[in-house]
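*Asks:* Okay, sequence plus prediction incoming.
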There are 2 protein chains.
Amino acid sequence: MSSVPSVPPVNDLLLRALRSESVERPPVWMMRQAGRYLPEYRAVRAKSDFLTMCRTPELAVEVTLQPLDLVGVDAAIIFSDILVIPEAMGMHLTLDEGIGPQFSAPIRGNADLARLHAVDPHDGLGYVLDALRLARREIGNKVPLIGFAGAPWTLAAYMVEGKGTKQFAIAKRMLFENPLLAHNLLDKLATAVGDYMVAQVEAGAQVLQLFESWASALGPREFREFCIPYLARIAKRVAPTGVPLIVFAPGAGWALGEIAEATGAQAIGVDWHTAPQDAREQCAPYGVALQGNLDPCALYASPEEIRRRTHEMISAFGPIGHVANLGHGILPDVPPAHARAFVDAVKEWRWTEEALATAGSHAQLAGVR
Amino acid sequence: MSSVPSVPPVNDLLLRALRSESVERPPVWMMRQAGRYLPEYRAVRAKSDFLTMCRTPELAVEVTLQPLDLVGVDAAIIFSDILVIPEAMGMHLTLDEGIGPQFSAPIRGNADLARLHAVDPHDGLGYVLDALRLARREIGNKVPLIGFAGAPWTLAAYMVEGKGTKQFAIAKRMLFENPLLAHNLLDKLATAVGDYMVAQVEAGAQVLQLFESWASALGPREFREFCIPYLARIAKRVAPTGVPLIVFAPGAGWALGEIAEATGAQAIGVDWHTAPQDAREQCAPYGVALQGNLDPCALYASPEEIRRRTHEMISAFGPIGHVANLGHGILPDVPPAHARAFVDAVKEWRWTEEALATAGSHAQLAGVR
């Protein structure tokens, strides 16, 4: 357990930005950076299926490390999947090419719920913890390592539907027809996710990201009832670890301030629908860092155009508390050179002393930590 | 052409609400109200495929009228599909059960674009105009008849992808890789849509709705470049007809004020993600009516809960310039009794004299037309 090195990474830009400290340029990483757009990833994937990669620490770590050298990002995120939690609760998960993740026996009633068992992350999810420990050993103290989990509503949506769908109408139907059942499921998930994230920290994760990937399926009222309280509970559970938490709820751009307030997270992810200024205004009272938010489709543009848009984005977020990222996962058909153009554009950016000084005093006035 | 009765409908609540006049209760209709949730619709659909129903005025009008008696809505919307325009431009459309709409030869380059021909709505879309004329004769002057079309970006997205997708990555790729080609396609579509909507008015449509159904695929910058100018052009084209226009761009809740300003439309549709108060604040300077926005999934709740939420929604939009509707199309597995519970809840609502008087003077101050 304590084989994990405790020295801070040499490249600690991400940790400093998440603490809203002054940085000469934003740190940069990409959601799904260990992914299909890299030929080197596809080479590993050609030899074993996705779930085997998740479950085999050596393979998971191999692809976790790829973007560090190949793309030059400032952080690694452990290769895994948000659906490992429902699987560890006893659901049978398959991931077939072209179909996506599927559960053979979705949760539709109390009997299904009763079948789910509590998760001891060291048991059911030990392979992810092993991968984190191995990744930390391999990375040494070069860059921080990010752990992650799916948030309760998102996991519940998959578990109730049995698969990804456009509207999640079956899962939403449960919220309206049987809200008590939904809350019981979300409650179990919040416990499992919280325990899992704490175990990730113990295994070496230096930053955590919580993905509420299907926030977009809910209107304001349901988001407040079925998402926010569970995000807050998990944030409270991981807070004593001292590891910064990023909460990302794509499709709920209107709720960034509410998420920041309810969770007390160190950073809020911003999707590509949301204007950086809008995110800043919403979150100003809470002193959080923001992460995002270039449209992944902007990586289809020319490298010159990518550079121009990346610089515009950095400028719009401003110098304090910004982690450069895409506003969603990188798409599989993006040329790696275009991913590098994005990362390089961030890395060549330099905030002037003047901009930093002005922003610093503004942030102090606004009570930024 | 002039067989269309010109007397105003007896139930003119919708027209009055769209003019932001004082009404004792909001008018109510539902997007996709002529649809699969009705057994009577499924009975017609069992005997002929979807496109045949669109192309056969008698069948289209039969299902157009069904919700008037069966659900009691305050307006009819002509049964048709937004993809009739690309089809009239020469694209081959198929609509297979379980697969959805597909074009066999999607638009990917200049040569594909050159193959599209200009649309004379009286020729290529005469069957829709015939259906509108027949519907007006059948409805008499009971309730207003709504015509509609898909907006250019939404049509382009389908035409470039060849089918509906989750992310519209191919269509978005065109916006980034070849914006000129995209603009040329949108330009052709804006002309076709504008001409078509004017022809719908001549054929008897008393209200028009423009559906930018895939607004959600675009971030703010692309929405401003590839959607708003074309919505504005179409609005300008139909304005001289004097028929009120509703613009609905689900997934662009942040843009309601910009859409209202750019189009000068009489009403803006509000999706179920967007809080009524937020929509009102954004649109306050433009004196537009708002339409929406109960979450279609709320119709899975009990009739009592539907009633409660519908009344909350009406109250949140306030007495001036509100058309009660869902925030998206009604889902096919909603019990008809629940659709009626929604409609009945609107119809039993009565604004007090006091609320109307207060709102009226506020609206006058704010410059509502």
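*Replies:* Here it is on my side, so go on.
*Asks:* Show me which residues of the helix or strand harbouring A:Glu62 are buried.
*Replies:* Using DSSP states H and E, A:Glu62 falls within helix A:57-70. Along helix A:57-70, these residues count as buried under the neighbour rule (16 or more other C-beta atoms under 10 Å in any protein chain shown): A:Pro57, A:Leu59, A:Ala60, A:Val61, A:Glu62, A:Val63, A:Thr64, A:Leu65, A:Gln66, A:Pro67, A:Leu68, A:Leu70. (C-beta placed from N, C-alpha, C; glycine too.)
*Asks:* Once you drop chain neighbours, what's closest to the second one?
*Replies:* Yep, that's A:Leu59 we're talking about. Distance criterion C-beta to C-beta, 6 or more residues apart in numbering or on different chains; nearest residue to A:Leu59, sequence neighbours excluded, is A:Met53 at 4.6 Å.
*Asks:* residue contacts, the residue nearest the centre of chain A?
*Replies:* Centroid check for chain A by C-alpha atoms, centre = their mean gives A:Gln209 as the closest residue, at 3.9 Å. Neighbour list for A:Gln209: A:Ile77, A:Ile146, A:Gly147, A:Phe148, A:Leu245, A:Ile246, A:Val247, A:Phe248, A:Gly269 [criterion: C-beta atoms under 8 Å, 6 or more residues apart in numbering or on different chains].
*Asks:* try it again with 10 Å
*Replies:* Shown in contact with A:Gln209 (C-beta atoms under 10 Å, 6 or more residues apart in numbering or on different chains): A:29, A:31, A:77, A:146-149, A:197, A:244-248, A:265, A:267, A:269, A:291.
*Asks:* One more: A:Val73?
*Replies:* Contact partners of A:Val73, counting by C-beta under 10 Å, 6+ apart, are A:11, A:14, A:27-30, A:33-34, A:67, A:143, A:324-325, A:339-340, A:342-343, A:346-347.
*Asks:* so where do the strands sit in the stretch 1-150 of chain A?
*Replies:* Along the stretch 1-150 of chain A, the stretches classed as strands by DSSP state E, counting those that start in this stretch are A:76-77, A:93-96, A:100-103, A:145-150.
*Asks:* wait, A:Asp12 sits on A:Val23?
*Replies:* Yes: between A:Asp12 and A:Val23 a contact is recorded at 9.5 Å, counting by C-beta atoms under 10 Å.
*Asks:* Which phi and psi values does the closest residue to A:Phe317 other than its chain neighbours adopt?
*Replies:* In space, and not counting its chain neighbours, A:Phe317 is closest to A:Pro276: 4.6 Å by C-beta to C-beta, 6+ apart. Reported as degrees, to the nearest 10, the phi and psi values for A:Pro276 are phi -50, psi -40.
*Asks:* Likewise for the one 3 residues further on?
*Replies:* Comment: the main-chain dihedrals of A:Ala279 come out as phi -60, psi -40, following degrees, to the nearest 10.
*Asks:* downstream neighbour of the longest helix belonging to chain A in the secondary structure list?
*Replies:* Longest helix in chain A, counting residues (DSSP state H): helix A:179-202. As assigned by DSSP H and E, the chain's next helix or strand after helix A:179-202 is strand A:207-211.
*Asks:* Bridged to the residue in the stretch 1-150 of chain A that chain B sits nearest to, which residues?
*Replies:* Closest contact between the stretch 1-150 of chain A and chain B, by C-beta to the nearest C-beta, is at A:Gly100 (10.1 Å). In this structure, A:Gly100 bridges to A:Asp96 when assessed by DSSP bridges.
*Asks:* What mean pLDDT does stretch A:72-82 get?
*Replies:* Stretch A:72-82 carries an average pLDDT of 98.
*Asks:* In CSV, list the C-alpha atoms belonging to stretch A:168-184.
*Replies:* Written as CSV, here are the backbone C-alpha positions of stretch A:168-184 (Å, rounded to 0.1, in the frame of the first residue of the first chain):
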residue,chain,number,x,y,z
PHE,A,168,-32.0,7.6,-21.2
ALA,A,169,-35.8,7.5,-21.2
ILE,A,170,-36.0,4.3,-19.1
ALA,A,171,-33.7,5.6,-16.4
LYS,A,172,-35.5,8.9,-16.4
ARG,A,173,-38.8,7.1,-16.2
MET,A,174,-37.6,5.6,-13.0
LEU,A,175,-36.9,9.1,-11.6
PHE,A,176,-40.5,10.1,-12.2
GLU,A,177,-42.3,6.8,-11.6
ASN,A,178,-40.3,5.5,-8.7
PRO,A,179,-38.0,8.2,-7.2
LEU,A,180,-37.4,6.2,-4.0
LEU,A,181,-36.0,3.3,-5.9
ALA,A,182,-33.8,5.7,-7.8
HIS,A,183,-32.5,7.3,-4.6
ASN,A,184,-31.8,3.9,-3.1
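*Asks:* Show me which positions of it end up buried.
*Replies:* Within stretch A:168-184, the residues that count as buried by 16+ other C-beta under 10 Å are A:168-176, A:178, A:181-183.
*Asks:* Show me the two of these that sit farthest apart.
*Replies:* Spatial extent of the buried residues of stretch A:168-184 (C-beta to C-beta) is set by the pair A:Ala169 and A:His183 at 19.1 Å.
*Asks:* Hmm, A:Ala149 and A:Val84 touching each other?
*Replies:* Yes: if you go by C-beta under 10 Å, A:Val84 and A:Ala149 touch, sitting 8.5 Å apart.
*Asks:* Neighbour count for these two, which is higher?
*Replies:* The neighbour comparison of A:Val84 against A:Ala149 (other C-beta atoms under 10 Å in any protein chain shown) goes to A:Ala149, with 27 against 23.
*Asks:* Give me the pLDDT value at that one.
*Replies:* What the model reports as pLDDT for A:Ala149 is 98.
*Asks:* Confirm A:Ser213 sits in a strand?
*Replies:* No: assigned with DSSP: H, G, I helix; E, B strand; the rest coil, A:Ser213 falls outside any strand and is coil.
*Asks:* and it, how many residues sit next to it?
*Replies:* A:Ser213 has 21 neighbouring residues, counting by other C-beta under 10 Å.
*Asks:* Then A:His311?
*Replies:* By other C-beta under 10 Å, neighbour count at A:His311 equals 14.
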